[in-house]
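*Asks:* how would this look folded up:
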Amino acid sequence: MARMLGFGQPFGGVMQTAFVVEDVRASIAHFQKDCAAGPFFLLDHFLGPDQFYRGAPSNADVTIAMGFIGHMQVELIQPLDGNPSVYRETIEKSGYGFHHFGIAYEDVEAELPGYLARGYKLAFKAAVPTGGSVAYLEGGNAAAPGFLELIPATPGMDAHFTAMWQASQGWDGADPVRPFI
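*Replies:* Numbering: from 1, shown residues only. Modelled structure (predicted):
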């Protein structure tokens, strides 16, 4: 049996679906009203340290909101500047909408070579506050939409995301937008 994260998703499986959005608050309202997601946890500015986009240092500022629909985390990402990024690239290529699937691994660095060997290319990498670095991959399968994000499933990340998921259990609609945990 696969090891599970605290919010019920297996390591190595899709635990997050992410969208790049024009207006994060309007998108939160949509997911709450039309998809029964919530509450959402909002981080007004995220300038992750050690960002690398297409192999060069990067500095893209985004607003991030996260909430749950069942065991699936939904991430909404609104770019706040015009700096080159995987988010701006998606908007320019196909507009707002689906961006990536997030897959949790205990050791992202150990998993990267296998993805690269299967034809994926590293498009973006950045350190995250809960430890480790996320890696956005593209390619590998022409039929796959968007990017894959490899997410470091550190104890801090698991606790952080599990607390968000727990807030969604039996959520009564109160405090629909909360500060990031």
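
*Asks:* Tabulate the CA atom coordinates of the longest helix along the chain in CSV.
*Replies:* Looking across the chain with DSSP state H, the single longest helix is helix 155-168. Provided in CSV are the C-alpha atoms of helix 155-168 (Å, rounded to 0.1, in the frame of the first residue of the first chain):
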residue,chain,number,x,y,z
PRO,A,155,6.9,17.1,7.2
GLY,A,156,6.3,20.9,7.1
MET,A,157,4.5,20.8,3.8
ASP,A,158,2.4,17.8,4.9
ALA,A,159,1.4,19.6,8.1
HIS,A,160,0.7,22.8,6.3
PHE,A,161,-1.5,21.2,3.6
THR,A,162,-3.1,18.9,6.0
ALA,A,163,-4.2,21.8,8.2
MET,A,164,-5.8,23.4,5.0
TRP,A,165,-7.6,20.1,4.2
GLN,A,166,-8.8,19.8,7.8
ALA,A,167,-10.3,23.3,7.6
SER,A,168,-12.3,22.1,4.5
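
*Asks:* That helix: what's the following helix or strand?
*Replies:* strand 177-179 (DSSP states H and E).

*Asks:* what about that following strand, distance to the chain center?
*Replies:* Using C-alpha atoms, centre = their mean, to the nearest Å, the distance from the centre of strand 177-179 to the centre of the chain it belongs to is 17 Å.

*Asks:* What residues sit buried inside it?
*Replies:* Neighbour counts over strand 177-179 (16 or more other C-beta atoms under 10 Å) mark 177, 178 as buried. (Glycine included, C-beta is placed from N, CA and C.)

*Asks:* What segments of the protein are helices?
*Replies:* 24-35, 86-94, 108-117, 155-168.

*Asks:* Quote the end-to-end distance of stretch 168-181.
*Replies:* From its first residue to its last, stretch 168-181 covers 13 Å (C-alpha to C-alpha, to the nearest Å).

*Asks:* returning to that earlier point: and the contacts of the longest helix of the chain?
*Replies:* Here helix 155-168 makes contact (C-beta atoms under 8 Å, 6 or more residues apart in numbering) with 5-8, 15, 37-39, 41, 66-68, 71, 73, 104, 128-132, 151, 178, 181.
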